[in-house]
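Enquirer: here is a sequence together with a model predicted from it:
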Amino acid sequence: MKTNRCAAKCDGACQGLDRRQFLQAAAGVVLAPAILRGLPASPQTAAGPRLRPRGPASKYTPLIHAAFVRRKEDYGILWPGDIYDGKAAHIRYAADIERTGQAVGAKIVLRPEPIYSLAEADAWIAEAKQAASDGLFLVTLDRQKHAWPTAAKAADSGLPTVIFAPLGTAFTTNTEPVAAKPGCVIYASVGEFDQAAYGLKMLAAGARIRRTRCAVIQGDARSESRLTELGIALQYVPAAVFMAEYERMGVPADVVAMADAYMRKARSIRGATRQDVVNGIKSYRVAGAILEREGADAISMDCLGALGPTKISLPCIAWSRMNDDGIPAACEADTGAIASHILVQALFDRPGFQQDPVPDTTRDAIIGAHCSCPTKLGGFDGPEEPFDLVHHHGNRDAVPRTQWKIGQRITCLDTLPGEGAAPTELLISTGTVTDNIDVPPAGGCVVSVRVKFESARDVLSFPGFHQLFFYGDYKRELRDFAKLNRLKATIV
């Protein structure tokens, strides 16, 4: 255990959307209701109301400073040329920025007039720093004079910086020197705003991630620590607190109702009894009470160490449900997995499946195996994937065995928190689901999904452990997030 796009990317979710919804879905800019501020509470579903994060990240509104840069005079013969309507582009992209800011729940301070000189660029950056801005967003409407020197100043500001360069405003000779700078991501396009929208989302998500608090139920003493580069606070809570709350709670009527709803939705039930499901949903309510009490946005637990010797239900179904709710819930108090859950949910509005990687040399594939898997793999507000209710591999408690879509493109993420001078590293790979393994007759964890990765690595030495599998091909987006936040990205 560790200690410490659209078109091809929307998984079909964009069908039937209007243009704005399409672009938002393609860029992943529609955050889960559990993350956005000022939205109505999530509606009650057949399986009961959602829990919501209760920590600093859930209450924080990211602050982003945005601006355009160009010459004040007419474009003339030089690029982008007089054929380019810079004023119309300003109006169009300003509206895109405003809409995206609302979608990601950020306050965007957009400079009314473009930046017309390097002195104005310096003043804009100083203003953003004075306001403790969470990042800079710069749109180039010009290729000449101070435009790209301004972009370089923004990239060197120390603030996470996203630069959007529509066609006509950059050659590769302009982008190459700035693109090499850490903490800066450039999106260049014919004019589509979808990648730029994802850039704004990265800025907002990064700000929330840096303010996330996770309750870690482990050991017998309270303590605090932090994943320094990511900013995630870890609030350690004695395991006895969970057990005492479980014993004290009794069996509320809503727990029974939720358990019955799970049993009605299950494709099949094997081994797990109604009481097992009730006990598991009770653990979900206990975890929710601890989330509230600790003011936390996420949760994890040394589940096997704390509850394995007891008759209290392991939180497999509880963690599955919390991840479906949009609350990062990590198994086994693994801090790397905690970080991965938080990143995936904040960036892509969907839960991930934390798993133990098993080599399969017959298919040259990796089987991700674990006993807690969310069901809303396509997104928090989408439908559940089909699931069975079965016993944990320890032949106890209730586990939703989610059926993954065959042929589904997925991303695999493992977060390795930095130690000493070593930076936090993201191990990233992409692949395709080939099948779901029946356990039993096979042994091991009951959720076992086989994936064929593009990696050239021998499956016997596939790197990492407790990686997250999640729907969609997001290798480029994770690499960009790492660069924007000065993390190390390794494509496996």
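Expert: Structure's in. What do you need? Residues are numbered from 1 along each chain as shown.

Enquirer: which parts of the longest helix anywhere in the chain are buried?
Expert: Longest helix in the chain, counting residues (DSSP state H): helix 274-294. Across helix 274-294, burial judged by 16 or more other C-beta atoms under 10 Å covers 276-291, 294. From N, CA and C alone the C-beta is placed, and that goes for glycine too.

Enquirer: with stretch 449-456 instead?
Expert: For stretch 449-456, burial by neighbour count (16+ other C-beta under 10 Å) applies to V449, R450, V451, K452, F453, S455.

Enquirer: which secondary structure element of this structure has the lowest mean pLDDT?
Expert: helix 19-27 (a mean of 38; mean pLDDT, DSSP states H and E).

Enquirer: quick one: contacts for the spatially most central residue of the chain?
Expert: By C-alpha atoms, centre = their mean, the chain has its centre lying nearest to V344, at 2.2 Å. Contacts of V344 were listed using C-beta atoms under 8 Å, 6 or more residues apart in numbering, and they are R350, P351, G352, L413, L468, F470.

Enquirer: strand partners of the helix or strand hosting the last one, parallel vs antiparallel please.
Expert: The reference is to F470. Assigned by DSSP states H and E, F470 belongs to strand 467-471. Partner strands for strand 467-471, per DSSP bridges, with pairing direction: strand 353-360 (antiparallel), strand 409-416 (antiparallel).

Enquirer: any idea which of those strands gets closest to W148?
Expert: strand 409-416 (32.6 Å; C-beta to C-beta).

Enquirer: can you give me the angle the helix or strand just after the closest one makes with strand 353-360?
Expert: Counting by DSSP H and E, the element after strand 409-416 in chain order, helix or strand, is strand 425-436. Angle of strand 425-436 versus strand 353-360, following axes from the mean of the first three to the mean of the last three C-alpha atoms, to 10 degrees, is 70 degrees.

Enquirer: tell me what strand 425-436 is packed against?
Expert: For strand 425-436, the elements it packs on are strand 409-416, strand 447-453, helix 475-484, strand 488-491, judged by 3 or more C-beta pairs under 8 Å, 6 or more residues apart in numbering; DSSP states H and E.

Enquirer: how about L230, what does it touch?
Expert: With C-beta under 8 Å, 6+ apart, L230 has these contacts: I209, R210, A339, I342, T415, P417, T424, N485, L487.

Enquirer: give me the element it is part of.
Expert: Judged by DSSP H and E, L230 forms part of no helix or strand.

Enquirer: phi first, then psi, for it.
Expert: phi -90, psi -20 (degrees, to the nearest 10).

Enquirer: please apply the same query to the one 5 residues further on.
Expert: Reported as degrees, to the nearest 10, the phi and psi values for Q235 are phi -100, psi 110.

Enquirer: what of Y236?
Expert: Dihedral angles for Y236 - degrees, to the nearest 10 - are phi -80, psi 130.

Enquirer: the one 3 residues further on too?
Expert: In this entry, A239 is assigned phi and psi values of phi -60, psi -30 (degrees, to the nearest 10).

Enquirer: state the number of residues packed around the closest residue to it other than its chain neighbours.
Expert: Nearest non-adjacent residue to A239, counting by C-beta to C-beta, 6 or more residues apart in numbering: A306, 3.6 Å away. A306 has 22 neighbouring residues, counting by other C-beta atoms under 10 Å.

Enquirer: so where's the chain uncertain?
Expert: 1-48 (pLDDT under 70).

Enquirer: could you chop it up by domain?
Expert: For the chain, automatic domain parsing gives the domain ranges 61-209, 213-491.

Enquirer: want to try JSON lines for those, with distance to R50 as columns?
Expert: Listed next are the domains of the chain as JSON lines, based on distance: least, C-beta to C-beta, whole Å:
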{"stretch": "domain 61-209", "distance to R50": "17"}
{"stretch": "domain 213-491", "distance to R50": "4"}
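
Enquirer: can you say which of those is nearest to P53?
Expert: When the domains of the chain are compared (using C-beta to C-beta), the closest one is domain 213-491, at 4.1 Å.

Enquirer: I115 contacts F68, correct?
Expert: Yes: proximity of I115 to F68 meets the contact threshold set by C-beta atoms under 8 Å, at 6.9 Å.

Enquirer: ok, these two, which is more surrounded?
Expert: A count of neighbours by other C-beta under 10 Å puts I115 above the other of I115 and F68, at 27 against 24.

Enquirer: show the contacting residues for that one.
Expert: A67, F68, V69, R70, A121, W124, H146, T150.

Enquirer: the third one bridge partners, please.
Expert: So the one you mean is V69. I115, T140.

Enquirer: what's the neighbour count on it?
Expert: V69, neighbours per other C-beta under 10 Å, totals 29.

Enquirer: next one: it from E176, what distance?
Expert: 18 Å (C-beta to C-beta, to the nearest Å).

Enquirer: repeat for the second one
Expert: Summarising the geometry, the distance separating F68 from E176, computed by C-beta to C-beta, is 22 Å.

Enquirer: swap in the fifth one?
Expert: As for A121, its distance to E176 is 20 Å (criterion: C-beta to C-beta).

Enquirer: what sits against the closest residue to L78 other than its chain neighbours?
Expert: Spatial nearest neighbour of L78, excluding adjacent residues (C-beta to C-beta, 6+ apart): Q144 at 5.2 Å. Residues near Q144 by C-beta under 8 Å, 6+ apart: R71, L78, W79.

Enquirer: L413 - how many residues pack around it?
Expert: Counted with other C-beta under 10 Å, L413 comes out at 26.

Enquirer: returning to what we had before: which of the strands paired with strand 467-471 sits most buried?
Expert: Each of the strands paired with strand 467-471 was scored by mean neighbour count; the highest is strand 409-416, a mean of 24, by mean count of other C-beta atoms under 10 Å.

Enquirer: which residues touch that one?
Expert: Residues contacting strand 409-416 (C-beta under 8 Å, 6+ apart): 2, 11, 230, 336-337, 339-340, 343-344, 352, 366, 424-433, 451, 453, 463-475, 478, 492.

Enquirer: may I have it exported as PDB, CA atoms only?
Expert: The C-alpha trace of strand 409-416 is given here as PDB (Å, rounded to 0.1, in the frame of the first residue of the first chain):
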ATOM      1  CA  ARG A 409     -12.500   3.800 -23.500                       C
ATOM      2  CA  ILE A 410     -11.100   4.500 -20.000                       C
ATOM      3  CA  THR A 411      -8.300   6.400 -18.300                       C
ATOM      4  CA  CYS A 412      -6.100   5.000 -15.500                       C
ATOM      5  CA  LEU A 413      -4.600   7.500 -13.000                       C
ATOM      6  CA  ASP A 414      -2.300   6.800 -10.100                       C
ATOM      7  CA  THR A 415      -1.200   9.800  -8.000                       C
ATOM      8  CA  LEU A 416       2.100   9.400  -6.200                       C
END
